[in-house]
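A.B. asks: turn this into a model:
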Amino acid sequence: MLLGLTGGITTGKSTVTRYLAKRAGLFVFDADACVHELLASDEEVGSAVRNEFALGDEPIDRRALGQLIFRDPDARRRLEAILHPVVRDRWRGLAAKSRAERSDFLADIPLLFETGADGYFDAIIVVAASPETQRQRMADRGIPPDLIEPMLASQWPIGQKVVQADYVIWNDGSQAELERQCALLLDAIFPKRHE
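C.D. replies: Alright, predicted model coming up:
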């Protein structure tokens, strides 16, 4: 199975990904981790980003770059034009390898629908939470109040993602409830493994 996982900011995608990977032995690709790696250590990508945003030769400050792109939609589109093709090539290569090896693959891609990647996967999982919960979690993480709404607006509304999902995990409750939903999801996707 090639599984795509997405959701909104602070809905719990990474927590669900870790649970599913551990319980089902899935090979995982994390798009956010890939972006962090590219910005930190890929010379070609780093150079393109520094040139595009006139950052000089200093290491890229992801926090400052994030504040810039969420305040300026045009800057965000320019950054995405650099990063998305490279990230897409990485996960597609790993997915093809998994398919050839007949192993299960899970790609955690926050902008899965927004980038048109949904047609590539056998099933799409959306990790959802109410916008109120998202806002509170963002505030708890120390995200400046003036960035919360622009960050939420940078992704499709969670309801739009939910209606296009094959499976939905709702993460407004406790850790125990989240794990229960993850276990039910694995039973639904891989029933023969849990008989």
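A.B. asks: now for Leu65: which residues touch it?
C.D. replies: Contact analysis of Leu65 by C-beta atoms under 8 Å, 6 or more residues apart in numbering lists 39, 49, 53, 55, 79. C-betas here are computed from N, CA, C, even on glycine.
A.B. asks: what's the single longest helix in this protein?
C.D. replies: Looking across the chain with DSSP state H, the single longest helix is helix 73-100.
A.B. asks: avg pLDDT for the next helix or strand after that one?
C.D. replies: On the C-terminal side of helix 73-100, the nearest following helix or strand under DSSP states H and E is strand 105-108. For strand 105-108, mean pLDDT rounds to 98.
A.B. asks: what about the worst-scoring helix or strand of the chain on mean pLDDT, distance to the chain center?
C.D. replies: Every helix and strand of the chain was ranked by mean pLDDT, DSSP states H and E. The lowest is helix 62-71, at a mean of 90. Chain-centre distance of helix 62-71: 17 Å, with C-alpha atoms, centre = their mean, to the nearest Å.
A.B. asks: what of stretch 127-136?
C.D. replies: The answer for stretch 127-136 is 15 Å, by C-alpha atoms, centre = their mean.
A.B. asks: residue ranges for the strands of the chain, please.
C.D. replies: Along the chain, counting by DSSP state E, strands occupy 2-7, 27-30, 105-108, 123-128, 167-170.
A.B. asks: what about Gly66, neighbour count?
C.D. replies: Close neighbours of Gly66, defined as other C-beta atoms under 10 Å, add up to 15.
A.B. asks: and the one 3 residues further on, by the same measure?
C.D. replies: Around Ile69 sit 20 other residues, with neighbours defined as other C-beta under 10 Å.
A.B. asks: same question for Leu5.
C.D. replies: Leu5: 29 surrounding residues under other C-beta under 10 Å.
A.B. asks: ok, now which ones touch it?
C.D. replies: Taking C-beta under 8 Å, 6+ apart, we find Leu5 in contact with 13, 16-17, 20, 106-109, 112, 124-127.
A.B. asks: let's see it at 10 Å
C.D. replies: Leu5 sits next to 13-14, 16-17, 20, 26, 28-31, 106-110, 112, 121, 123-127, 165, 167, 169 when contact means C-beta atoms under 10 Å, 6 or more residues apart in numbering.
A.B. asks: out of these, which are buried?
C.D. replies: 13-14, 16-17, 20, 26, 28-31, 106-110, 112, 121, 124-127, 165, 167, 169 (16 or more other C-beta atoms under 10 Å).
A.B. asks: hang on, Ala117 packs against Thr6?
C.D. replies: Yes - checked against C-beta atoms under 10 Å, the pair Ala117 and Thr6 is within contact range at 8.7 Å.
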